[in-house]
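Student: Sequence first, predicted model second:
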Amino acid sequence: MTGTRRAAMFAMVLCALALSIAVPLRTYLSQRDELRDANAESDKLREQVAALEHRKSQLNDPAFVEIEARKRLHWVRPGETPYIVQLPGDENRNTESERPSGKPSANQSWYEELWQSVTHK
């Protein structure tokens with residue numbers, strides 16, 4: 001009988017140890033996963049910050065801003081003649097709707113018209 005009592009006591013001690021270790025282990029593993037996810041998100045945000053810093057440095061360059069204005073807004077310098085080149089397959093494309101209007105609307109401010117010309121591609 002003493003053997004079964006010892007076995008039962010050993011089993012109870014073993015179960016108590018397993019339960020006391022299981023909860024902190026589960027917490028450790030879940031926190032480790034959360035830390036890995038947080039580090040991955042932090043790396044992604046660092047990449048976005050680097051890309052935005054690069055874009056900011058580009059926009060500080062007047063030559064780059066001029067290129068973007070010419071490309072996106074179809075701006076030309078005074079005295080230049082703008083040309084639109086049509087490539088094969090552009091027959092169905094309506095270039096007049098893509099070009100910003102030359103005269104401002106009576107009820108819109110200049111920045112509203114500029115924003116509209118940028119968003120209506």
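Tutor: Right, received. Where do you want to start? Because the structure is a prediction, the values reported are computed rather than measured.
Student: which stretches of this structure have low pLDDT?
Tutor: Of all residues in the chain, those with pLDDT under 70 make up the ranges 1, 93-106, 120-121.
Student: Tell me where it has strands.
Tutor: In order along the chain, the chain carries no strands (DSSP state E).
Student: and the most centrally placed residue in it, how far is that from Glu34?
Tutor: Closest to where the C-alpha atoms of the chain average out (CA atoms, centre = their mean) is Gln48, at 6.7 Å. Separation of Gln48 from Glu34 (CB to CB, to the nearest Å): 21 Å. Backbone N, C-alpha and C define where each C-beta goes, glycine included.
Student: cool, and Gln86?
Tutor: For Gln86 relative to Glu34 (CB to CB), the value is 56 Å.
Student: Ok, Leu19 next?
Tutor: Leu19 sits 23 Å away from Glu34, going by CB to CB.
Student: Arg70: how many residues sit nearby?
Tutor: 14 (other CB atoms under 10 Å).
Student: For it, which non-adjacent residue is closest in space?
Tutor: Leaving aside its chain neighbours, Arg70 sits nearest to Val76 (7.2 Å; criterion: CB to CB, 6 or more residues apart in numbering).
Student: Please tell me I have it right and the one you found contacts Tyr83.
Tutor: No - the pair Val76 / Tyr83 is not scored as a contact, 9.6 Å apart, by CB atoms under 8 Å.
Student: Of the two, which one has the most company?
Tutor: Using other CB under 10 Å, the more surrounded residue of Val76 and Tyr83 is Val76, with 12 against 6.
Student: so what's the backbone phi/psi at the more buried one?
Tutor: Backbone dihedrals for Val76, given as degrees, to the nearest 10, come out at phi -130, psi 150.
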